[in-house]
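Structure of the sequence below:
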Amino acid sequence: MSDDRIFVQIPSYRDPECQHTVADLFAQAARPDRVSVGICWQRVPEEDARCFAVTTRPDQVRVAWFHADDSRGACWARSQCQALWAGEPYTLQIDSHMRFEPGWDETLLAMLAACPSERPVLSAYPATYTPPRTLVRDRIFAMRAKRFDYWGVLRISAPPIPLRDAPAAPMAGGFVASGFLFAPSAIIEQVPYDPHLYFFGEEVTLGARLWTHGWDIFHPNGLVTYHLWERKGRPTHYDDHDDANALNHRARARVRHLLGTERSSDPEVLVEVERYGLGRERSLAEYQRWCGVDFAARTIGRPAYFVPG
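This is a model prediction of the structure:
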């Protein structure tokens, strides 16, 4: 039998939904025994007991514990999750507030096998759910460039596709969603998560890094996961940390530098930039032609692949 174990990466910042996310991913898996979870748990022990009322399959869950005061943001936390990887051949990167379709593990493995690439990545923004488990099951999403924001960082839009119009195979794309990404675990070694980013810009740089390292991006053609887009009811890193604006400012400068929008000479912006930079399999110019974006000119045109909507 082939090794089809899946490592699920979950960064959780004081999120009471995380325990239910873990419970649901095991409950809905066709073969929960092949799933292991790595959580970067950032919490305030004396205040966050409500986050730990439910425990599911503890022998299959690895945790890196941090006090919330020591957190450096979402991308840093995703990097900590990757350090918990123990050699599983596949990895699923999600957020801490998610729900799953029945048989999601079998579905993802089949979708990945259906991608016409030797190095495929499946990623898209998920549909939404309302706790405890009310799922919006009538649409899937593609991804495309939307606009450059005030800080020169590309924003992504997600045109919905009615489920009845879903294509027969995963859709070629140029962008990824940080809250849902499935691939062979070789991406952890070849394109390790950049802990020096903060929030905005992480998805755009990750897509460019994956593509230039030779990975091909696809969007799922069916339902797999669901995301809680409502942010009320849980603390955020931005709310808790006085240095969040400074971290965000530095990260945006790093994004602009990595993508050739604006060069930086600030050593804090450029720390480990080679380790977490673009690949050499394909060029940034080729990537820009593929996704229809010119980062230096801050313009958006037609991508080389079809985007519904």
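
What is the strand or helix carrying Ser12 packed up against?
Secondary structure assignment for Ser12, by DSSP states H and E: strand 6-13. Applying 3 or more Cβ pairs under 8 Å, 6 or more residues apart in numbering; DSSP states H and E, one finds that strand 6-13 makes contact with helix 18-28, strand 35-43, helix 74-82, strand 90-94. To be clear about C-beta, it is placed using only N, CA and C from the backbone, and glycine gets the same treatment.

ok and that strand relative to strand 35-43, angle-wise?
Angle, strand 6-13 to strand 35-43, by axes from the mean of the first three to the mean of the last three Cα atoms, to 10 degrees: 10 degrees.

So in that sheet, which strands flank strand 6-13, and in what orientation?
Counting by DSSP bridges, the strands paired with strand 6-13 are strand 35-43 (parallel), strand 90-94 (parallel).

Pull the contacting residues for the closest residue in space to Pro162 that isn't next to it in sequence.
With sequence-adjacent residues excluded and distances taken as Cβ to Cβ, 6 or more residues apart in numbering, Pro162 is closest to Arg139, at 5.9 Å. Arg139 makes contact with 127, 160-163, according to Cβ atoms under 8 Å, 6 or more residues apart in numbering.

Can you list the neighbours in contact with the host helix or strand of Trp211?
Taking DSSP H and E as the definition, Trp211 sits inside helix 202-212. For helix 202-212, the surrounding residues in contact (Cβ under 8 Å, 6+ apart) are 74-75, 121, 153-154, 156, 174-178, 187, 191, 193-194, 197, 217, 255, 258-259, 276-284, 286-287, 290-291.

Output the below-cut-off pLDDT ranges for the stretch 151-300 of the chain.
Along the stretch 151-300 of the chain, no part satisfies pLDDT under 70.

So which residues of it form helices?
Per DSSP state H, counting those that start in this stretch, the stretch 151-300 of the chain carries helices over the ranges 186-190, 202-212, 237-240, 244-258, 284-291.

Out of those, which is closest to Met111?
Met111 lies closest to helix 186-190 among these, at 16.0 Å (Cβ to Cβ).

just the CA coordinates of that closest one, formatted as PDB?
Extracted in PDB, the C-alpha atoms of helix 186-190 (Å, rounded to 0.1, in the frame of the first residue of the first chain):
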ATOM      1  CA  ALA A 186       8.100  18.400  -0.400                       C
ATOM      2  CA  ILE A 187       6.900  22.000  -0.400                       C
ATOM      3  CA  ILE A 188       7.800  22.300   3.300                       C
ATOM      4  CA  GLU A 189      11.500  21.700   2.400                       C
ATOM      5  CA  GLN A 190      11.600  23.400  -1.000                       C
END
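
Give me the distance from that helix to the chain's centre.
14 Å (Cα atoms, centre = their mean, to the nearest Å).

same question, stretch 146-166
The chain centre lies 15 Å from the centre of stretch 146-166; the measure is Cα atoms, centre = their mean.

Tell me which residues touch Ile6, please.
Taking Cβ under 8 Å, 6+ apart, one finds 34-36, 88, 90-92, 105, 108 in contact with Ile6.

Point me to the residue sitting closest to the centre of this protein.
Nearest to the geometric centre of the chain sits Ser178, at 1.7 Å (Cα atoms, centre = their mean).

Now for that one: which residues touch it?
74, 78, 93, 95, 202-203, 206.

Ok, Ala114 next?
Counted by Cβ under 8 Å, 6+ apart, Ala114 has contacts 169-170.

follow-up on the earlier one: most widely separated two among the contacts of Ser178?
Once Cβ to Cβ is applied, the contacts of Ser178 give Asp95 and Leu206 as the farthest pair, at 14.3 Å.

So for those two, which sits in the more crowded spot?
Leu206 (27 against 23; other Cβ atoms under 10 Å).

Can you list the low-confidence ranges for the stretch 1-150 of the chain?
1.

Distance from the chain centre to stretch 43-57, please.
24 Å.

and among the helices of the stretch 151-300 of the chain, the most buried is which?
Counting by mean count of other Cβ atoms under 10 Å, helix 202-212 has the highest mean neighbour count of the helices of the stretch 151-300 of the chain, with a mean of 25.

how many degrees apart are that one and helix 284-291 in direction?
Helix 202-212 runs at 110 degrees relative to helix 284-291, counting by the same axes, to 10 degrees.
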